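[1] build the 3D model from these lines:
(4 chains)
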Number of protein chains: 2
Amino acid sequence: MEFDTPIATVDVALFALLDGGLGLLLPRRDKPPYEGVRALPGGFVRVNEDDDTADTARRVARDKLGMDVSYLEQLYTFSGRARDPRGWSIAVAYLGLVPAAHLHGPVLHDLVPVDRLPPLPFDHAAIAAKAVRRLRDKSTYSSLPGFLLPGEFTLQELRTLYERITGEALDPANFRRQVVDAQRLVEATGRRRTGPAHRPAELYRLAAPGRLLLRDGPGPARPADDA
Amino acid sequence: MEFDTPIATVDVALFALLDGGLGLLLPRRDKPPYEGVRALPGGFVRVNEDDDTADTARRVARDKLGMDVSYLEQLYTFSGRARDPRGWSIAVAYLGLVPAAHLHGPVLHDLVPVDRLPPLPFDHAAIAAKAVRRLRDKSTYSSLPGFLLPGEFTLQELRTLYERITGEALDPANFRRQVVDAQRLVEATGRRRTGPAHRPAELYRLAAPGRLLLRDGPGPARPADDA
DNA sequence: TTAATAGTGTCTGTAAGACAATATATC
DNA sequence: GATATATTGTCTTACAGACACTATTAA
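    Next comes the predicted model:
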């Protein structure tokens, strides 16, 4: 019976900002199959070590990043006979976000712009596509992109980020009202970013982690999508 | 290594209408653990038989219902050391809908009103709660509830159903415009339901299966949430 | 003082919801 | 014709988006 159980793995789509655009972490695999090929970080579930698959995802991400992700949510579960050459497999996929400012050295070379993804092994192209779409969709009605920025940021930085992710321009005035006044997604820190030759901008941080809504999404306002 | 692989199961939350309200299928388990206790239908993934976990879900649903579900989507994946007494387990949960009119005899006795659920084994209470919430949420902006009705229905039947599921009253005039004119979720069959002592209602059917949006939900209009 | 961006005020179009009015079947 | 629901018309209001205007800093 043990013999007939599917392989259980976890794959993580980790995003960070790369030159202002969205980057996906695709390190080269250090083991077969597909050794040396760029792929989503992943690994087997370790039943003696992990409490659940979210735990596996955090472990995998920490191993690759050298730090904890600032946001993690379950994306979708991919399964089937053909997706992994090792046999019938179940891959629970997660979506994670990290502020690029917190990353160091070699990891940065594994960040690939999401609109220039190389061919990927397994069904990682489908997983990556679903992750990008989820992130884009949620960006239109939540403060999710905030997790890609460091702790403090100006509204311009946040707005530009939304624009880069969703691909549509936003009016600075209306953006401010939505994010600060109407939805209270971010709150002023009281400090300001000074330097350039013009009026300095107030610095903001993400408000209570539970607040994610920007526009009205589906159903009542809830924290993340997680169980 | 085989020894250390988690158990892989699929659980299905199957909904059908019960006295106009929402009913969840909870048959009694015919095997240990929890033999004789009401629980979500579920089963092991059969690697020789199922192409993927959606296939497993369809097989499990068909076994219990004696028919195919009219709608199925992946809900969430539950995992961990403690949720199943048999050991570390991964349960891919699915949400399914069936028109009650298509159900026969004994199955109907396993339908339980969702607001009167008994205590459930494993973490099935959490799965059921998430399924109900997903269905309620999607009902506010999609034609999902249509899959709970038979092939043809009046707008009143559909509207009443939305009201029962979401718990809020809807204006018949505005509902019609949304569903028929604006979103084209349903289309007239040309036939009418006659009988009661008043103007007969036109009969409608769900429009192209891909159309699911009612109000603007998150992101662009897409078919179901599935991969 | 100027340049450049931060931030505020105000208008307009769209669409959801409230509600009145009309249509059409059976009895 | 009476009745009850189907269906259409019209108005109001909330709100997102467009855009003009004012504020404030460094050079």
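[2] any low-confidence regions in chain A?
    A:1-3, A:208-227 (pLDDT under 70).
[3] all strands for it, in order.
    A:7-18, A:21-25, A:42-44, A:71-80, A:89-97, A:111-113, A:153-154, A:186-193, A:201-206 (DSSP state E).
[4] kindly reformat the ones you listed as CSV containing mean neighbour count and distance to residue A:174.
    Yep, even glycine has a C-beta here, placed from its N, CA and C like the rest. Shown next, in CSV, are these (neighbours: other C-beta atoms under 10 Å in any protein chain shown; distance: least, C-beta to C-beta, whole Å):
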stretch, mean neighbour count, distance to residue A:174
strand A:7-18, 24, 23
strand A:21-25, 21, 23
strand A:42-44, 18, 41
strand A:71-80, 22, 25
strand A:89-97, 25, 25
strand A:111-113, 17, 28
strand A:153-154, 20, 17
strand A:186-193, 13, 15
strand A:201-206, 18, 16
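[5] in TSV, list those strands along with distance to residue B:71.
    Shown next, in TSV, are the strands of chain A (distance: least, C-beta to C-beta, whole Å):
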stretch	distance to residue B:71
strand A:7-18	27
strand A:21-25	32
strand A:42-44	31
strand A:71-80	17
strand A:89-97	23
strand A:111-113	37
strand A:153-154	42
strand A:186-193	38
strand A:201-206	36
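[6] and DNA strand D, is the biggest helix by length in chain A touching that?
    Criterion DSSP state H: the longest helix present in chain A is helix A:124-139. No - interface with DNA strand D: helix A:124-139 contributes nothing (C-beta under 7 Å from any atom of the strand), its closest point being 13.2 Å away.
[7] so who does the closest residue in space to residue A:160 that isn't next to it in sequence touch?
    Once flanking residues are discounted, residue A:160 sits nearest to residue A:20: 7.1 Å by C-beta to C-beta, 6 or more residues apart in numbering or on different chains. Going by C-beta atoms under 8 Å, 6 or more residues apart in numbering or on different chains, residue A:20 touches A:160, A:161, A:164.
[8] any idea how far DNA strand D is from residue A:20?
    Residue A:20 is 21 Å from DNA strand D, where distance means C-beta to the nearest atom of the strand, to the nearest Å.
[9] alongside chain B, which residues does chain A contribute?
    Neighbours of chain B within chain A, by C-beta under 8 Å from any C-beta of the partner chain: A:2-8, A:45-48, A:51-54, A:74, A:76-81, A:87-88, A:90, A:92, A:126, A:130, A:133, A:136-138, A:140-141, A:217-219, A:227.
[10] which neighbouring elements make contact with the longest helix of chain A?
    strand A:7-18, strand A:21-25, strand A:71-80, strand A:89-97, helix A:155-166 (3 or more C-beta pairs under 8 Å, 6 or more residues apart in numbering or on different chains; DSSP states H and E).
[11] I figured residue A:155 hits residue A:204, correct?
    Yes - Residue A:155 is within contact range of residue A:204, at 6.3 Å (criterion: C-beta atoms under 8 Å).
[12] okay, and the common contacts of the two?
    Overlap of the contact sets of residue A:155 and residue A:204 (by C-beta under 8 Å, 6+ apart) consists of A:180, A:186.
[13] now do the contacts for the residue lying closest to residue A:186 once chain neighbours are set aside.
    Here the nearest residue to residue A:186 in space, its sequence neighbours aside, is residue A:204; by C-beta to C-beta, 6+ apart that works out to 4.1 Å. Contacts for residue A:204 were tallied using C-beta under 8 Å, 6+ apart; they are A:152, A:153, A:154, A:155, A:158, A:180, A:186, A:187, A:188, A:189.
[14] can you list the residues of chain A near DNA strand C?
    Counting by C-beta under 7 Å from any atom of the strand, chain A sits next to DNA strand C at A:154-156, A:172-174, A:176, A:196-202.
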